[in-house]
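Student: next comes the sequence, and after it the predicted model I'd like to discuss.
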Amino acid sequence: MSEQGSTPGRRRAANAGPSGKGQFDTGSRQTLADHIYEQLHYQITNLTLPPGTPILEREIATEFNASRTPVREAILRLSKEMLVEVVPKSGTFVARIPLSVLPEALVARRALERDLAARAAVRATPSQLLRLRAIIEESREAVAASSQATFDKTDSAFHAEIAVMSGFPGLWKMIQQIKTPIDRHRHLTLPVADRMEQVMREHSAIANAIEQGDADLAAERMDFHLRQLKWDILQTIDRHPSYFIYDIDPSELAED
């Protein structure tokens, strides 16, 4: 009898290579360490845990009803992403933001999202355009309610939807990794007067260009939108100097 999936009448040879549909581990199974990591990652990036906050393994283990092992695994991942600092003989703390990682993050994000916006202008379907408009309306409601948490979700949804419209939804995962150091300062700038309204207007301008099918204009407006992050960062440094590691001169952030 032949093995399922092999050619009828022929037995698969031992150690034969795979054939047919690819068989991959998609990483959909979540471990306790993954869950702890995701919760801490969220709390750090949205500044529920600001830079300098102690990370206490015992308290985290108690909160998640876990042993120290998955907690340490989660903290190790966060350390590799420069989200926690392990200080010998002192403890583990939410990391400050190294200024040196910001220029690369800003350039990489702009390059990717300019291209996605241009592609979206060419490929967007009517239903996708409606979803994009709906997201902008949700952000408008968040502004009216002064809900920064809801606004932040709609902001991410807006950019993720453009990735979908472009035909390259997987790039949003890459952008999320790139923008992690930027996200923390964003949560400091959104409460500034009129900043959420300004972001919403910039999103509307991008959506208009995509709806018009103008790839060059969509890319230009996305670039303008993301360039504002640079000036936001400079203002954030002035207001919260202890949140940063000064491994480059702040003036370098103003360079293009």
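Tutor: In hand now; what should we look at? Numbering: from 1, shown residues only.
Student: report the buried residues of the top helix by length along the chain.
Tutor: Identified as the longest helix of the chain according to DSSP state H is helix 215-239. By neighbour count on 16 or more other Cβ atoms under 10 Å, the buried set for helix 215-239 is 215, 217-222, 225-226, 229-230, 232-233, 236-237. In this view, the C-beta of every residue, glycine as well, is placed from N, C-alpha and C.
Student: then stretch 88-99?
Tutor: The neighbour-count criterion (16+ other Cβ under 10 Å) identifies 92-97, 99 as the buried residues of stretch 88-99.
Student: any idea whether the closest residue to residue 77 other than its chain neighbours is helix, strand or coil?
Tutor: Distances taken as Cβ to Cβ, 6 or more residues apart in numbering place residue 37 nearest to residue 77, at 5.2 Å, with adjacent residues excluded. Applying DSSP: H, G, I helix; E, B strand; the rest coil to residue 37 yields a three-state assignment of helix.
Student: tell me how many other residues surround residue 175.
Tutor: Neighbourhood size, residue 175 [other Cβ atoms under 10 Å]: 18.
Student: what lies in contact with the helix or strand encompassing it?
Tutor: If you go by DSSP states H and E, residue 175 is part of helix 171-178. Around helix 171-178, the neighbours that count as contacts under Cβ atoms under 8 Å, 6 or more residues apart in numbering are 105, 108-109, 112-113, 116, 159-160, 163-164.
Student: gap between that helix and the chain center?
Tutor: Counting by Cα atoms, centre = their mean, to the nearest Å, helix 171-178 is centred 6 Å from the centre of its parent chain.
Student: check stretch 152-160 too.
Tutor: Distance of stretch 152-160 from the chain centroid (Cα atoms, centre = their mean) equals 10 Å.
Student: list the contacts of it.
Tutor: For stretch 152-160, the external contacting residues (Cβ under 8 Å, 6+ apart) are 46, 113, 132, 135-136, 138-139, 142, 169, 172, 175, 186-187, 190, 199, 203.
Student: mind redoing it with 7 Å?
Tutor: 46, 113, 132, 135-136, 138-139, 142, 172, 199, 203 (Cβ atoms under 7 Å, 6 or more residues apart in numbering).
Student: what's the closest of those residues to residue 248?
Tutor: Within the contacts of stretch 152-160, distances to residue 248 taken as Cβ to Cβ reach their minimum at residue 113, with 23.6 Å.
Student: quick one, helices of the stretch 101-250 of the chain?
Tutor: In the stretch 101-250 of the chain, the segments counted as helices under DSSP state H, counting those that start in this stretch are 101-123, 126-144, 148-166, 171-178, 180-189, 195-211, 215-239.
Student: can I get those helices in TSV including distance to residue 246?
Tutor: Shown next, in TSV, are those (distance: least, Cβ to Cβ, whole Å):
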stretch	distance to residue 246
helix 101-123	12
helix 126-144	34
helix 148-166	27
helix 171-178	22
helix 180-189	14
helix 195-211	24
helix 215-239	9
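Student: flag whichever of those has the least confidence on average.
Tutor: Set side by side, the helices of the stretch 101-250 of the chain give their lowest mean pLDDT on helix 180-189, at a mean of 79.
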